[in-house]
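1. Pasted the sequence and its predicted model underneath.
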Amino acid sequence: MAPLMEKIAEALHLKSHPKDPAKDAAEADTPKEEPATATAPTPKKQVFDSDKVAVIFVLGGPGAGKGTQCDKLVQEFGFCHLSAGDLLRAEQHRENSEYGELIRNYIKEGQIVPMEITIKLLENAMRAALEGGGEAKTGEGWGEGRGRFLIDGFPRKMDQALKFDEEVCKSSLVLFFTTTEEVMLKRLLKRGETSGREDDNEESIKKRFRTYKETTMPVIEHYNKEQKVASVRPHFLFSPLVCGPILSSQQIDASPPVEEVYEKASAVIKELFAGQLTRNVTV
């Protein structure tokens, strides 16, 4: 074996060894052991400890007011606010990004970017915040590996929800903001006048509405079954993929004034951090 190939084989644990006829004969006469009984695989350890790191998902249709409410929650509770959409848009414009063009095409068509990309961007941003990268977080809920995160616009599909909870960090709560498509469309078109976002046009917005109904509503129902969603105002919400009404959801009507909506959202967070929000509730 040539020296270079020998080094490569050794690095891959494939290096050959001289044959030993006596040893080979002895091994041939030795009874082979039966393979061990298969055991269940060990669950993969999460990147962040959910006993120290609080993750709150903020969901709702496009234009439901998630970002506005998150900004106010950050001020009161010291959250690190991560927008999945903002991270993706930043990555698509990052120089030499290998995912930039792919992300751009998905966003333009109102489709969901492959979860591996989104989850990795979120994980990296959480790690940077916990390690003091950028603007270091201080105060209640931070320090010694502890942190508080609002992740808005995520998870938008069941596979995202399951992978994040299993491999990154177990979520604590879902805040679900809801309003009518008419209100959301009006808000997004108005925002599109100044936002410069490629998806703030009527065609892309309607595609986003369809994607939201088909893929995100089942996520709400999933967390509802896990007792992680609280209802601020009891009313029915129907999903084309879920039979019957979704009850006991963190349904914050995003049509009233911002302050009125915020009072409801703030009350829920206070209950959570006081250890009193352990099931689906109506407040």
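-> Arrived safely, thanks for sending. Residues are numbered from 1 along each chain as shown.

2. Following element in sequence after the strand or helix carrying residue 88, please.
-> Element membership of residue 88 [criterion: DSSP states H and E] is helix 84-93. Sequence-wise, the next helix or strand downstream of helix 84-93 (DSSP H and E) is helix 100-108.

3. Check which helices and strands that next one sits against.
-> Applying 3 or more Cβ pairs under 8 Å, 6 or more residues apart in numbering; DSSP states H and E, we find helix 100-108 packed against helix 84-93. For the C-beta atoms, the positions are set from N, CA and C on the backbone; glycine is no exception.

4. Return the list of helices and strands in contact with the helix holding residue 88.
-> For helix 84-93, the packing partners by 3+ Cβ pairs under 8 Å, 6+ apart are helix 100-108, helix 115-130, strand 147-152.

5. If we use 7 Å, what do you get?
-> Identification of packing neighbours for helix 84-93 by 3 or more Cβ pairs under 7 Å, 6 or more residues apart in numbering; DSSP states H and E yields helix 100-108, helix 115-130.

6. Go through the ones you listed and name the closest to residue 196.
-> Relative to residue 196, the nearest member of these by Cβ to Cβ is helix 100-108, separated by 13.0 Å.

7. returning to that earlier point: and the helices and strands packed on helix 84-93, which is most packed in?
-> helix 115-130 (a mean of 18; mean count of other Cβ atoms under 10 Å).

8. what does that one contact?
-> 47-48, 80, 82, 84, 87-88, 91, 99, 134, 137, 145, 147, 149, 151, 154, 157, 159-160, 163-164, 168 (Cβ atoms under 7 Å, 6 or more residues apart in numbering).

9. pLDDT weak spots in this structure?
-> 1-44, 64, 133-136, 179-181, 198-199, 230-256, 280-283 (pLDDT under 70).

10. Show me where it has its helices.
-> Secondary structure of the chain (DSSP state H): helices at 3-11, 21-29, 66-77, 84-93, 100-108, 115-130, 158-163, 181-195, 202-211, 217-225, 258-273.

11. quick one, which of these is nearest to residue 175?
-> helix 258-273 (6.2 Å).

12. quick revisit: now distance to residue 60 too, for the helices of the chain, in TSV please.
-> Below are the helices of the chain laid out as TSV (distance: least, Cβ to Cβ, whole Å):
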stretch	distance to residue 60
helix 3-11	50
helix 21-29	65
helix 66-77	5
helix 84-93	12
helix 100-108	18
helix 115-130	17
helix 158-163	15
helix 181-195	9
helix 202-211	12
helix 217-225	9
helix 258-273	11
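
13. Now for residue 80: which residues touch it?
-> 129, 137, 147, 148, 149.

14. what's across from it in the sheet?
-> residue 149 (DSSP bridges).

15. Can you report how many residues lie near residue 264?
-> By other Cβ atoms under 10 Å, 20 other residues sit near residue 264.

16. got a list of contacts for stretch 163-170?
-> Counting by Cβ under 7 Å, 6+ apart, 44, 46, 47, 48, 50, 53, 55, 115, 119, 123, 155, 171 sit against stretch 163-170.

17. repeat that with 6 Å
-> 44, 46, 47, 48, 50, 53, 55, 119, 123, 155, 171 (Cβ atoms under 6 Å, 6 or more residues apart in numbering).

18. So which of those is the closest to residue 211?
-> Looking across the contacts of stretch 163-170 and measuring by Cβ to Cβ, the closest to residue 211 is residue 155, at 13.0 Å.

19. wait, the closest one sits on residue 162?
-> No - the criterion here is Cβ atoms under 6 Å, and residue 155 misses it with residue 162 at 8.3 Å.

20. higher neighbour count, the two?
-> A direct count of neighbours by other Cβ under 10 Å for residue 155 and residue 162 places residue 155 higher, at 28 against 14.

21. circling back: what is the nearest of the contacts of residue 80 to residue 268?
-> Using Cβ to Cβ, the contacts of residue 80 come closest to residue 268 at residue 148, 14.1 Å.

22. can you pick the most crowded of the contacts of stretch 163-170?
-> Neighbour counts for the contacts of stretch 163-170, by other Cβ under 10 Å, peak at residue 155, which reaches 28 neighbours.
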